[in-house]
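> Kindly return the folded structure for what I paste below:
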Amino acid sequence: MIKHIVMFKLKDFENKQLKQEKALFLKSELEKLKDKISVIKTYEVGINFIDNLNAYDFVIISTFNCDMCLNKYLDAPEHKQIEKLLNENVIQKAVVNFNL
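As a prediction, the model looks like this:
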């Protein structure tokens, strides 16, 4: 089994409320992928609640049965579509994939 973790830092917004609203919107859109892409085994999206310069704004923690399943997820049109939305709103991301 594969664990896939992606952390995101959002672009700066006019204020914290707008940034929080964008994070909630992206969370909602990302969570829809679970029902659209069958190879996803588990899928969680979390929003950071502690103000810290080193902290990322939100994270995806997901699992897949194998490398091939992870690749199918990454190549899925639904994932590609949300990737474009993320690229418009994110300034930095970090990815870790590991075997369970």
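
> Give the closest residue to the residue nearest to the spatial centre of the chain in space, chain neighbours not counted.
Here the mean C-alpha position of the chain is nearest to the C-alpha of I60 (CA atoms, centre = their mean), at a distance of 4.0 Å. The spatial neighbour of I60 that comes closest, neighbours along the chain excluded (CB to CB, 6 or more residues apart in numbering), is V6 at 4.6 Å. (Each C-beta comes from the backbone N, C-alpha and C, glycine too.)

> isn't the one you found right up against V59?
Yes. If you go by CB atoms under 8 Å, V6 and V59 touch, sitting 6.8 Å apart.

> shared neighbours of the two, anything?
Between them, V6 and V59 share no contacting residue under CB atoms under 8 Å, 6 or more residues apart in numbering.

> just to revisit the earlier point, show me what the residue nearest to the centre of the chain is bridged to.
According to DSSP bridges, the residues that bridge with I60 are V6, V45.

> Go ahead and confirm it touches K27.
No. If you go by CB under 8 Å, I60 and K27 don't touch, sitting 9.3 Å apart.

> Identify the contacts common to these two.
Common neighbours of I60 and K27 (criterion: CB under 8 Å, 6+ apart): V45.

> Quick check: Q92 touching K9?
Yes. Shown here, Q92 and K9 form a contact pair, counting by CB under 8 Å, at 4.1 Å.

> Comparing those two, which shows the higher neighbour count?
When Q92 is set against K9 and neighbours are counted by other CB atoms under 10 Å, the residue ahead is K9, at 15 against 11.
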